[in-house]
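*Asks:* coordinates only, sequence not included:
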């Protein structure tokens, strides 16, 4: 039971500065593609640029944005795991009144 308490304290402390990412890599990628699509639509409307005439550029851009979303999620997960490990080591099983 003390180990579970230690894990809980470490998880709470790690979530303060490196929260665990919500959603999957697929979700991060789709959100990125959706936001990039909206940005392209607004760009097209504002500049009257007819971006539909360049489907290869659009496809490459959206694929890069999707990959960027996946990489962002992986990075956030890696930072959360590292923060949890650091906090787990920091929160030992000693009682609050004792020194480390």
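*Replies:* Perfect, thanks for sending it. Quick caveat: nothing in here was measured; it's all calculated off a predicted structure. Residues are numbered from 1 along each chain as shown.
*Asks:* burial of residue 33, as a residue count?
*Replies:* 18 (other C-beta atoms under 10 Å). Where C-beta positions appear, they are placed from N, C-alpha and C, glycine not excepted.
*Asks:* okay, it and residue 61: tell me how far apart.
*Replies:* When distance is defined by C-beta to C-beta, to the nearest Å, residue 33 is 9 Å away from residue 61.
*Asks:* just residue 43 next, same as before
*Replies:* According to C-beta to C-beta, residue 43 stands 11 Å off from residue 61.
*Asks:* could I get the pLDDT score of the residue lying closest to residue 88 once chain neighbours are set aside?
*Replies:* Once flanking residues are discounted, residue 88 sits nearest to residue 10: 4.0 Å by C-beta to C-beta, 6 or more residues apart in numbering. Per-residue pLDDT puts residue 10 at 91.
*Asks:* so residue 10 is in which element?
*Replies:* Per DSSP states H and E: residue 10 is located in helix 2-17.
*Asks:* buried sites along that helix?
*Replies:* Using 16 or more other C-beta atoms under 10 Å as the test for burial, helix 2-17 gives 6, 10-11, 13-14.
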